[in-house]
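>>> After the sequence you'll find the predicted model.
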Amino acid sequence: MRRIVKGGRVVDPSQELDAEVDVLIEDGQVVRLDENIEATAEDQVTDATGLVVTPGLIDIHVHLREPGFEYKETVRSGLMSAAAGGFTAVACMANTSPINDHRSITELILGQAKRHPYARVYPLGAISKGMAGEELAAVGEMVEAGIVAISDDGLPVMNAALMRRALQYAQHYDLPVVQHAEDLNLTGDGVMHEGEWSTRLGLPGIPSLAEDVMVARDLLLSADTGGRYHVAHLSTGRSLEMVKEARRRGVRATCEVSPHHLLLSDQLVAESGFDTASKMKPPLRPQSDIDILRQGIVDGSIDAIASDHAPHHQDEKDVQFSMAPFGIVGLETTVSLCLDRLVGGGMIPLSRLIELLSTGPARVFNLPGGSLRPGRVADITLLDLDRQVTVQPDRFKSLANNTPFAGWQLRGAAVGTLLAGEPVALPEDE
Amino acid sequence: MSDEMVWRRKDLLGIADLSAQEILMLLDTAESFVEVAERPIKKVPTLRGRTVINLFFENSTRTRSSFELAEKRLSADSLNFSGSSSALSKGESLIDTARNLEAMSPDLVVIRHQHPGVPHLLSKRLESGIINAGDGAHEHPTQALLDAFTIRRHKGRIEGLKVTIIGDIEHSRVVRSNIHLLTKLGAEVTVAGPRTMMPEAIDKMGVAVAYDLATALHDADVVMMLRVQLERHQKTLFPSTKEYFDLFGLTPRRLQMAKDDAIVMHPGPMNRGVEISSAVADGQRSVILDQVANGVAVRMAVLYLLMSSRSGGTEVRP
């Protein structure tokens, strides 16, 4: 079976390609990129005229909530949300119930993903049993079952000895150890960034130090063990500077940043009148941090943009700010936000954005995809750079609608995805 | 009160949103209610037939009694809900509690809650007017108004005064509302306290910051002492009440560092021997009990003005 994606502009940073070429796909793989590939009568054709064709976008930080929290999100709804947002693959965190700390949970998640093949799923396993931060989880077994990295995300690994062991042990499987970098003692009962706005609002603050202290510690551990270390949802300028500096010394450290940390500041908590859609971890930071993170987007020091898609039920978020759970959804807003605010705003070229949303994420977690080179899997995202969209949470495919971007008018959107060369079709009216 | 000025707000959520003119209107209105407390029959029919709900999720004796008295003196029908009673302790969500109360059609809801922003959340959901009687460490607008009212009665003005606020700045809603109010009216505000109780970037609210009493008290016209919340913060923020008193307790001798005619205030309840010595608390300069008395008049003014905005700005004179 052959398919030709015709007439589009292919942007693939993995081969420094930005050209109007067709993509020939056979048996789920990219075979050839060329100008005007002739279609025979048997060939299927995807018309990409006026669209941008990119290697499938990958979100390496997603909470699918299944098993255990199906009222927030399921594998099915999460993958529909991913596809609607232009992602062909997501990496999902282990903080389900039960926690993904052994192979049967990994297998359950992958089994659900197989039943609802709107996007690929790459599970992360927990670092510690029960995410209790004491003993290593069954990492090897989970690798056999299909995990691509380990993380206790949602919680940090507070115990330095355990983190050291994890960085050592994960090297047997060449896995990155993904840290939710937060010193919980410094966080205390904090609910937003500690600074001018927490002071004005009288809300307990989470200091930047809570992240920085943990990143500093982990970089030392990573340097010493030689383990691969990845900072999830990095949010402070100082943490980014430390990662860059460590990398110059040869430390195997990578990092991801979430769109909201590039676009929103802690002032939003005040401006929105304590709206719980402005509450997440790490918290929204001040402009001075945003500026440094944006510089990292431009200069290449940030490896990936990841949404930290964190669905919560409306009833959970519809409470006083201090009581609301942390987190916002992001699968269906990330691409348009980045196209409009980062590319449209002239901060970065489109190819850099594709690097941050596809090539980079694939590299960080050693995933297939991230490239349309011949021989690679034909996971493809189609973008319409001119499409005007308004963020409408009630129309999300996700079960959740906790987003601070409701009503934002954005230019540019994902308009379709292909998995192994097959267009992904989503059920209507869901 | 100037003739052209009409109160238009549905709620009193905080001082941060108010203009200087609105603050002055509240203070001027309160002046006219002081006299009611001096009558043999301390009641006016202003809010007859109106319903006010006092919804207190956090314990409070002083503020709640003050509001209740203000409501009674205005002839309003008032109803008390406390955090330990009924549904509030049975896991009902805040929004549901509020909706249930709303179904009883109150005109005003006075709310005290331990979490910042709760009055703001209710104001988005309820038709009733909302009065913030203290939300966590965020704001306590009627306290700041009664403080300003008391200062003005003793000093004749607010503008140009040097006001020093001493204590647990980080966890105080009183200090935040006072900073907003006093700076809007042109006072010069200094906050002082242990470094462990000083919130980040407090200077961005337009105040000077001091970490010792000598600097803080120098030249002060008004000295406002804050309650140290022993029950919550003692363990991590300072080693002992004795050390606190040694560094920041207000004694007659230390008060001499302020201006000769400086007044001493405290929002209560006091910890004698921790933040303030009895000699100062009960001394000539103390206006602490005036604050309490003025609280009723100020709250009558707030209730009256918010109600008048609900009646479409109709004049209802005391």
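Now that the structure is in, tell me what you want to look at. All of these numbers come straight from a predicted model, not from anything done at the bench.
>>> Might you name the residue of the stretch 1-150 of chain A sitting closest to chain B?
The stretch 1-150 of chain A approaches chain B most closely through A:Y71 (15.7 Å), counting by C-beta to the nearest C-beta. Yep, even glycine has a C-beta here, placed from its N, CA and C like the rest.
>>> who's in contact with that residue?
Going by C-beta atoms under 8 Å, 6 or more residues apart in numbering or on different chains, A:Y71 touches A:313, A:399.
>>> mind checking how far it is from A:L342?
33 Å (C-beta to C-beta, to the nearest Å).
>>> Kindly confirm my reading that the residue of the stretch 1-150 of chain A closest to chain B is in a helix.
No. A:Y71 is assigned coil when assessed by DSSP: H, G, I helix; E, B strand; the rest coil, not a helix.
>>> got the buried residues for stretch A:401-411?
Buried residues in stretch A:401-411, defined by neighbour count with 16 or more other C-beta atoms under 10 Å in any protein chain shown: A:401-405, A:408, A:410-411.
>>> no wait, stretch B:285-292
Under 16+ other C-beta under 10 Å, the buried positions of stretch B:285-292 are B:285-288, B:290-292.
>>> Excluding its own residues, what touches it? List them.
Contacts to stretch B:285-292, defined as C-beta under 8 Å, 6+ apart, come from residues B:62, B:66, B:146-147, B:150, B:153-154, B:255, B:262-268, B:270, B:280-281.
>>> if we go to 6 Å?
The contact list for stretch B:285-292 (C-beta atoms under 6 Å, 6 or more residues apart in numbering or on different chains) reads B:146, B:150, B:154, B:263-266.
>>> tell me which parts of the stretch 51-200 of chain A are close to chain B?
Contact residues (C-beta under 6 Å from any C-beta of the partner chain) of the stretch 51-200 of chain A with chain B: A:194-196, A:199.
>>> Would you point out which residue of the stretch 251-400 of chain A is nearest chain B?
Counting by C-beta to the nearest C-beta, the stretch 251-400 of chain A gets nearest chain B through A:F274, at 3.1 Å.
>>> For burial, what's the neighbour tally of the spatially closest residue to that residue that is not a sequence neighbour?
Leaving aside its chain neighbours, A:F274 sits nearest to B:G117 (3.1 Å; criterion: C-beta to C-beta, 6 or more residues apart in numbering or on different chains). Neighbour count of B:G117, defined by other C-beta atoms under 10 Å in any protein chain shown: 26.
>>> So B:G117 sits against A:S272, correct?
No. At 10.1 Å, B:G117 and A:S272 do not qualify as touching, with contact defined as C-beta atoms under 6 Å.
>>> hang on, the earlier thing: how about TSV for the buried residues of stretch A:401-411, with distance to A:R387 added?
Shown next, in TSV, are those (distance: C-beta to C-beta, whole Å):
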residue	distance to A:R387
A:N401	21
A:N402	24
A:T403	19
A:P404	22
A:F405	16
A:W408	14
A:L410	9
A:R411	7
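>>> what two of these have the greatest distance between them?
Between any two of the buried residues of stretch A:401-411, the greatest separation by C-beta to C-beta is 24.0 Å, found for A:N402 and A:R411.
>>> that older thread, columns distance to B:T196 and secondary structure on top of the buried residues of stretch B:285-292, output as a markdown table?
Putting the buried residues of stretch B:285-292 into a markdown table (distance: C-beta to C-beta, whole Å; DSSP: H, G, I helix; E, B strand; the rest coil) gives the following:
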| residue | distance to B:T196 | secondary structure |
| --- | --- | --- |
| B:R285 | 28 | coil |
| B:S286 | 28 | strand |
| B:V287 | 29 | coil |
| B:I288 | 26 | helix |
| B:D290 | 32 | helix |
| B:Q291 | 27 | helix |
| B:V292 | 30 | helix |
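>>> what's the closest of these to chain A?
Closest approach to chain A among the buried residues of stretch B:285-292 (C-beta to the nearest C-beta): B:Q291, at 21.2 Å.
>>> ok, B:P194 - contacts?
B:P194 neighbours (C-beta under 6 Å, 6+ apart): B:F238.
>>> So what's the residue count around B:D221?
Neighbours of B:D221 (other C-beta under 10 Å): 21.
>>> got the buried residues for stretch A:314-325?
By 16+ other C-beta under 10 Å, the buried positions in stretch A:314-325 come out as A:316-322, A:324-325.
>>> Then stretch A:98-105?
The neighbour-count check on stretch A:98-105 (16+ other C-beta under 10 Å) flags A:99-103, A:105 as buried.
>>> tell me which parts of the stretch 1-150 of chain B are close to chain A?
Checking the stretch 1-150 of chain B against chain A by C-beta under 6 Å from any C-beta, the hits are B:94-95, B:115-118, B:120-121, B:136-138.
>>> give me that answer again for 10 Å
Within the stretch 1-150 of chain B, the positions near chain A by C-beta under 10 Å from any C-beta of the partner chain are B:13-14, B:16, B:57, B:93-96, B:113-125, B:135-140.
>>> Repeat that for the stretch 201-318 of chain B.
Counting by C-beta under 10 Å from any C-beta, the stretch 201-318 of chain B sits next to chain A at B:201-205, B:236.
>>> dump the residue contacts of A:E316.
Listed by C-beta atoms under 10 Å, 6 or more residues apart in numbering or on different chains, the contact set of A:E316 reads A:71-72, A:276, A:323-325, A:327, A:400, A:402, B:93.
>>> returning to that earlier point: the residue nearest to A:F274 and B:D135, how far apart?
From B:G117 over to B:D135 the distance is 6 Å, taken as C-beta to C-beta.
>>> hey, what's in contact with both of those two?
A:201-202, A:274, A:320, B:13.
>>> Pull the most distant pair out of the residues you listed.
The span of the shared contacts of B:G117 and B:D135, defined through C-beta to C-beta, is set by A:Q320 and B:L13 at 13.8 Å.
>>> Overlap in contacts, those two.
Shared contacts of A:Q320 and B:L13, counting by C-beta under 10 Å, 6+ apart, come down to B:117, B:119-120, B:122, B:135.
>>> Looking at stretch A:361-374 now, give me its mean pLDDT.
Stretch A:361-374 carries an average pLDDT of 97.
>>> swap in stretch B:184-191?
Mean per-residue pLDDT for stretch B:184-191: 98.
>>> export that stretch as CSV, just CAs?
In CSV, the C-alpha atoms belonging to stretch B:184-191 read as follows (Å, rounded to 0.1, in the frame of the first residue of the first chain):
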residue,chain,number,x,y,z
LYS,B,184,-3.6,55.8,48.6
LEU,B,185,-4.4,58.5,51.1
GLY,B,186,-0.8,59.7,51.1
ALA,B,187,0.7,58.3,54.3
GLU,B,188,4.3,57.1,54.4
VAL,B,189,4.2,53.4,55.5
THR,B,190,7.1,51.4,57.0
VAL,B,191,6.7,47.7,57.7
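>>> Establish whether it and chain A are in contact.
No. Stretch B:184-191 does not reach chain A (C-beta under 10 Å from any C-beta); its nearest approach is 10.9 Å.
>>> What segments of chain B are helices?
Listed in chain order, the helices found in chain B under DSSP state H are B:20-34, B:62-73, B:94-102, B:118-125, B:141-155, B:173-184, B:213-217, B:230-237, B:241-248, B:252-255, B:278-281, B:288-310.
>>> Between the two ends of stretch A:341-350, how far is it?
Stretch A:341-350 has its terminal residues 12 Å apart, counting by C-alpha to C-alpha, to the nearest Å.
>>> Just the buried positions in it, please.
Applying 16+ other C-beta under 10 Å to stretch A:341-350 flags A:341-343, A:347-348, A:350 as buried.
>>> wait, what's in contact with A:S128?
Residues near A:S128 by C-beta under 10 Å, 6+ apart: A:94, A:99, A:101, A:134-137, A:150, A:152, A:155, A:157, A:159, A:162-163, A:165-166.
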